[in-house]
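1. Sequence and predicted structure below; questions after.
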Amino acid sequence: MSMTIGLAGKPNAGKSTFFKAATLADVEIANYPFTTINANHGVTYVQVECPCKDKEKTCGKCVGGIRFVPIDIIDVAGLVPDACKGRGLGNTFLDELRQAQAIIHVVDASGGTDAEGNPVGIGDHNPLDDVIFLNREITMWLYGILERNWLKLARKIQAEGLKLEVVITEQLAGAGIRESHVNAALMETGLARVDHLKWSEEDMIRLCDAMREISKPLLIAANKADIAPGENLNKLKELDRIVVPTSAAAELALKSAAKNGIIRYTPGDRNFDVLSEDLPKAQKKGLEAIQKVIERLGTTGVQECINRTVFELLDLIVVYPVEDEGKWSDKNGNMLPDAYLMKRGSTCHELAYQIHTEIGDRFLYAVDARTRLRLGEKHEMKNGDVIKIVSTAK
Ligand SMILES: Nc1nc2c(ncn2[C@@H]2O[C@H](COP(=O)(O)OP(=O)(O)OP(=O)(O)O)[C@@H](O)[C@H]2O)c(=O)[nH]1
């Protein structure tokens, strides 16, 4: 499954810094597919414990037992108020957003920038306003699409006996909304039980809000946490969603230093080792300041945002298809050659289809490479499973 995270946020919240930090590859993981596709499209990695830890031999694809699984990340163009009405960069923003399965909202938790990103005094702006604003913009974008032709569509559903959820899904397909999202939103809002011809504008906005929440789950990076007043961080943490304090600037500095061989640092670590002895004073001081920040925050938070988006928000698991269940390798002896991200609850048969349509069509059974047990097509895989698929495909 190809996975795309969209990074959203107002100007000056630190979105570009977060994006650069997330996509800057350290030399140690440079054998991975390269990271920057273009200015705002890149590859970042979720980190998992590599299954080769359970074998005598290391796979050569992980770094110290940590496997980096690539995912796409888009730095969604700057958002301005009323983007959904097509002002400023709004249309590009929404256009890019439709490609994302989840959103990391980079919020300036320091409160040092106003709604449009202009600098103000630290703590002068309430970051909760930015959270409400972004959600509202996305909801109103969906509403704008749904409301177009609605009267005509609503009558057509009635006259031709069409299914409500099918018509709504068709109308919103371009925004990445699927029928399951529509159905869930209809149930959640109670609108499934209300005649759609009687829906008010407010009902439709409520429906769009529910569809947004279901189809584009969102995590908050409470950025600039290094300088943010504690009160702001607390306010954000009280929200009913995942909030991770981050310092994108610290992560970028650490990753750059690691890339230049100055420090040894694995993203997400709680500390780093300085490798070079005679650093210029300013650099030494800078690194000491960063050390203090991560001591206070735990980590810089950037890697945590990515991992939690994938494993908590989207509830994905990682599975490793192999052809040799003894060596955990492909035909050429490459150990654990691939790592697939799949929805929790996915079956062996679905994995077969992910590998190749023909392997899916000609699936016979699977083998759990750890236990050597045979698994049927309906068997639901677990995170970290190493699976051999047996099929009659050539
Ligand atoms: N203190 C602190 N400053 C940060 C952090 N992240 C970013 N900044 C600073 O915030 C400013 C804005 O960062 P950008 O990454 O350019 O912000 P942006 O959201 O991409 O803004 P646009 O490119 O205008 O959309 C820069 O001066 C960064 O150095 C952080 O974690 N802590």
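-> Cool, the structure landed. Numbering: from 1, shown residues only.
2. where does the stretch 1-150 of the chain dip in pLDDT?
-> 1, 25-39, 78-92 (pLDDT under 70).
3. buried stuff in the longest helix anywhere in the chain?
-> Ranked by residue count, the top helix of the chain under DSSP state H comes out as helix 127-147. The neighbour-count check on helix 127-147 (16 or more other CB atoms under 10 Å) flags 127, 130-131, 134-135, 137-143, 145-147 as buried. All C-beta spots, glycine's among them, are computed from the backbone N, C-alpha and C.
4. Run the chain-centre distance for that helix.
-> Here the centre of helix 127-147 is set off from its chain's centre by 19 Å, with CA atoms, centre = their mean, to the nearest Å.
5. for that helix, packing partners?
-> Where contact means 3 or more CB pairs under 8 Å, 6 or more residues apart in numbering; DSSP states H and E, helix 127-147 is packed against helix 90-97, strand 102-108, helix 164-172, helix 201-215, strand 218-223, helix 230-237.
6. Including mean neighbour count and distance to the ligand, could those go into a markdown table?
-> What follows is these, written out as a markdown table (neighbours: other CB atoms under 10 Å; distance: least, CB to the nearest ligand atom, whole Å):
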| stretch | mean neighbour count | distance to the ligand |
| --- | --- | --- |
| helix 90-97 | 19 | 11 |
| strand 102-108 | 26 | 6 |
| helix 164-172 | 18 | 27 |
| helix 201-215 | 19 | 21 |
| strand 218-223 | 26 | 5 |
| helix 230-237 | 16 | 12 |
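7. now the nearest residue to Ile138 once chain neighbours are set aside: how far from Lys53?
-> In space, and not counting its chain neighbours, Ile138 is closest to Arg212: 5.0 Å by CB to CB, 6 or more residues apart in numbering. Using CB to CB, to the nearest Å, Arg212 is found at 39 Å from Lys53.
8. in the stretch 201-350 of the chain, which spans are strands?
-> Using DSSP state E, counting those that start in this stretch, the strands of the stretch 201-350 of the chain run over 218-223, 243-245, 263-264, 273-274, 316-322, 340-343.
9. Equivalent analysis for the stretch 1-150 of the chain, please.
-> For the stretch 1-150 of the chain, applying DSSP E, counting those that start in this stretch gives strands covering 4-8, 36-38, 41-49, 66-75, 102-108.
10. Quick check: which of those is buried the most?
-> Most buried of those, by mean neighbour count (mean count of other CB atoms under 10 Å): strand 102-108, with a mean of 26.
11. which parts of the stretch 151-300 of the chain sit against the ligand?
-> Within reach of the ligand by CB under 6 Å from any ligand atom, the stretch 151-300 of the chain has these residues: Asn223, Lys224, Asp226, Ile227, Ser247, Ala248, Ala249.
12. Greatest separation within those residues: which pair is it?
-> Using CB to CB, those span at most 12.1 Å, a distance reached by Ile227 and Ala248.
13. Between the two, point out the one with more neighbours.
-> Neighbour totals were compared for Ile227 and Ala248, and Ala248 leads with 28 against 15 (other CB atoms under 10 Å).
14. and that one, what does it touch?
-> Taking CB atoms under 8 Å, 6 or more residues apart in numbering, we find Ala248 in contact with Gly14, Thr17, Phe18, Ala21, Val106, Ala221, Asn223, Lys224, Thr300, Val302.
15. Which members of the residues of the stretch 151-300 of the chain next to the ligand occur in helices, if any?
-> Counting by DSSP H, the part of these found in helices is Ala248, Ala249.
16. Could you save the residues of the stretch 151-300 of the chain next to the ligand as JSON lines and add columns showing distance to Asp278 and pLDDT?
-> Below are these laid out as JSON lines (distance: CB to CB, whole Å; pLDDT from 0 to 100):
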{"residue": "Asn223", "distance to Asp278": "33", "pLDDT": "98"}
{"residue": "Lys224", "distance to Asp278": "32", "pLDDT": "98"}
{"residue": "Asp226", "distance to Asp278": "27", "pLDDT": "96"}
{"residue": "Ile227", "distance to Asp278": "30", "pLDDT": "96"}
{"residue": "Ser247", "distance to Asp278": "27", "pLDDT": "97"}
{"residue": "Ala248", "distance to Asp278": "29", "pLDDT": "97"}
{"residue": "Ala249", "distance to Asp278": "25", "pLDDT": "96"}
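17. Could you chop the chain up by domain?
-> 4-138+217-311, 316-391 (automatic domain parsing).
18. Look up how far Thr44 lies from Leu24.
-> Taking CB to CB, one finds Leu24 at 9 Å from Thr44.
19. er, Asp72 I mean
-> As judged by CB to CB, Asp72 and Thr44 stand 8 Å apart.
20. tell me, what's touching these two both at once?
-> With CB under 8 Å, 6+ apart, Asp72 and Thr44 have common neighbours Ile5.
21. related to what we said a few turns ago, out of the strands of the stretch 1-150 of the chain, which comes closest to Asp240?
-> Nearest of the strands of the stretch 1-150 of the chain (CB to CB): strand 102-108, 14.1 Å.
22. can you give me the offset of that closest one from its chain's centre?
-> On CA atoms, centre = their mean, the centre of strand 102-108 falls 10 Å from that of its chain.
23. what's that strand in contact with?
-> Outside strand 102-108, the residues that touch it by CB under 8 Å, 6+ apart are 5-10, 12-15, 18, 97, 125, 127, 130-131, 134, 216-224, 236, 246, 248, 305-306, 309-310, 313-314.
24. Repeat the analysis, applying 7 Å as the threshold.
-> 5-9, 12-15, 18, 127, 130-131, 134, 216-224, 236, 305, 309, 313-314 (CB atoms under 7 Å, 6 or more residues apart in numbering).
25. ok, now stretch 386-394?
-> 51, 319-323, 325, 328, 348, 351-352, 355-356, 358-359, 362-370, 381.
26. Equivalent analysis for stretch 298-309, please.
-> 5, 18, 21-22, 44, 46-47, 102, 104, 219, 221, 225, 242, 244-248, 250-251, 254, 267-270, 294.
27. for stretch 319-333, same thing?
-> Applying CB under 7 Å, 6+ apart, the external contacts of stretch 319-333 come out as 51, 55, 335-340, 342, 351, 355, 367, 369, 372, 381, 385-389.
28. Report the buried members of these.
-> 51, 335-337, 339-340, 342, 351, 355, 367, 369, 381, 385-389.
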